[in-house]
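In: Model the structure of this input:
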Amino acid sequence: MEQYKAQYPQESNTMATLSERLRAEGMQQGMQQGMQQGMQQGEAAALKKLISLKFGELPRWAEAQIQSAGVPELEVWLEAILTSDTLESLLNRH
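Out: Residues are numbered from 1 along each chain as shown. Coordinates of the predicted model:
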């Protein structure tokens, strides 16, 4: 590696810069994914709590549906729970 650096100093610097940029982009992407996952888990937990308070014990099918939902869908359900009469209507299971 030292011989390569000595023979091609410009390329060595370029490769180091590229490596640093890729590492930083990977870290940024990992942080974004972690934040998204944290938001999903928090909203799912809040929805499950509200469902259990309003409708009683959470059935397995509802648990599975909530766990597989994305943040936008969870947000819709968190708002809709205020006006839903049944768990099935809340989660659009007719």
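In: how about low-confidence regions in the protein?
Out: Residues of the chain meeting the criterion pLDDT under 70: 1, 4-16, 93-94.
In: which residues of it fall in helices?
Out: With DSSP state H as the definition, the chain shows helices at residue ranges 2-7, 9-55, 60-68, 71-80, 87-90.
In: Can I get those helices in TSV including mean neighbour count?
Out: C-beta coordinates here come from the backbone N, C-alpha and C atoms, glycine included. Rendered in TSV, the data for the helices of the chain read as follows (neighbours: other CB atoms under 10 Å):
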stretch	mean neighbour count
helix 2-7	9
helix 9-55	12
helix 60-68	13
helix 71-80	15
helix 87-90	16
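In: pretty sure W77 is touching K48, no?
Out: No. If you go by CB atoms under 8 Å, W77 and K48 don't touch, sitting 10.3 Å apart.
In: overlap in contacts of those two?
Out: Overlap between the contact sets of W77 and K48, as judged by CB atoms under 8 Å, 6 or more residues apart in numbering, is given by I66.
In: what about dumping the CA coordinates of stretch 33-45 to CSV?
Out: Included here for stretch 33-45 are C-alpha records, laid out as CSV according to Å, rounded to 0.1, in the frame of the first residue of the first chain:
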residue,chain,number,x,y,z
GLN,A,33,-33.2,4.6,9.0
GLY,A,34,-32.9,4.4,12.8
MET,A,35,-34.9,7.6,13.3
GLN,A,36,-37.7,6.3,10.9
GLN,A,37,-37.8,2.9,12.8
GLY,A,38,-37.9,4.7,16.1
MET,A,39,-40.9,6.9,14.9
GLN,A,40,-42.7,3.8,13.6
GLN,A,41,-42.2,1.9,16.9
GLY,A,42,-43.3,4.9,19.0
GLU,A,43,-46.4,5.5,17.0
ALA,A,44,-47.3,1.8,17.0
ALA,A,45,-46.9,1.7,20.8
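In: Sweet, I'm off.
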